[in-house]
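Peer 1: quick one, fold the following:
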Amino acid sequence: MKRCSWCENDELYIKYHDEEWGVPVHDDNKHFEFLVLESAQAGLSWITILRKRDNYRKAYDNFDPVKVAKYDEEKINELINNPGIIRNRRKIEASVNNAQRFLEIQKEFGSFNNYLWGFINNETIKNEWDNISQVPANTDLSSKISKDLKKRGFRFVGSTIIYSYLQAAGLVNDHIKDCFRYNDI
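Peer 2: Okay, the predicted model is just below:
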């Protein structure tokens, strides 16, 4: 079975690729999870974050943005001292801030899902890459969304982070054309 080459031979990576990456997300809590994890990934490899994902779920109240938005300095310090997650104060503080901004978008658009999918008229962008070297690190779309999120007060949402997020959440199908998942999405 042919897969995108980035998942290599790691079982966790393969499972993520085969079952989750690129599958369209419409659940707001899942959107928030990906935002937290993609922001945490900045400067690190995705496999590092995947290996810590269960720890993040426990530490971040199963990625409930309402709960995360209420985290205070005591909770932030608890997270900074949690060896199961990336213990970067700026990333942790950004996740709390982003939860608050996330709730504002939900209020304005009815859901974060409505806001995000509105950028692409609710239809996944299906790219046609022959190999992984053709896949961009960011696009005009990711730059546009990044800029809008930053304008709304989000942090750690640069264009490259947002493009990874769009790939993960299925707004963009960047499976290579000969990958078995390409036509499934």
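Peer 1: look at A137 and report its pLDDT.
Peer 2: A137 is assigned 96 on the pLDDT scale.
Peer 1: count of neighbours near it?
Peer 2: The number of residues packed near A137 is 9, by other C-beta atoms under 10 Å. (Each C-beta comes from the backbone N, C-alpha and C, glycine too.)
Peer 1: please name the nearest non-neighbouring residue to it.
Peer 2: Of all residues not flanking A137 in the chain, T160 sits nearest, at 5.0 Å (C-beta to C-beta, 6 or more residues apart in numbering).
Peer 1: CA atoms of the host helix or strand of the one you found as PDB?
Peer 2: Per DSSP states H and E: T160 is located in helix 159-168. Output in PDB follows, covering the C-alpha atoms of helix 159-168 (Å, rounded to 0.1, in the frame of the first residue of the first chain):
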ATOM      1  CA  SER A 159       1.300  31.100   7.700                       C
ATOM      2  CA  THR A 160       3.400  27.800   7.900                       C
ATOM      3  CA  ILE A 161       1.600  26.700  11.200                       C
ATOM      4  CA  ILE A 162      -1.700  27.500   9.600                       C
ATOM      5  CA  TYR A 163      -0.900  25.600   6.500                       C
ATOM      6  CA  SER A 164       0.000  22.500   8.500                       C
ATOM      7  CA  TYR A 165      -3.300  23.000  10.400                       C
ATOM      8  CA  LEU A 166      -5.300  23.200   7.100                       C
ATOM      9  CA  GLN A 167      -3.600  19.900   5.900                       C
ATOM     10  CA  ALA A 168      -4.300  18.200   9.200                       C
END
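Peer 1: would you list the strands that the helix or strand following that helix pairs with, along with their directions?
Peer 2: Sequence-wise, the next helix or strand downstream of helix 159-168 (DSSP H and E) is strand 172-173. Strands that pair with strand 172-173, judged by DSSP bridges, come out as strand 125-126 (parallel).
Peer 1: about what we covered before: rounded mean pLDDT for the helix holding T160, please.
Peer 2: pLDDT averaged over helix 159-168 gives 97.
Peer 1: residues near D10, how many?
Peer 2: Count around D10 with other C-beta under 10 Å applied: 13.
Peer 1: for it, give me phi and psi.
Peer 2: When quoted as degrees, to the nearest 10, the phi and psi of D10 stand at phi -80, psi 130.
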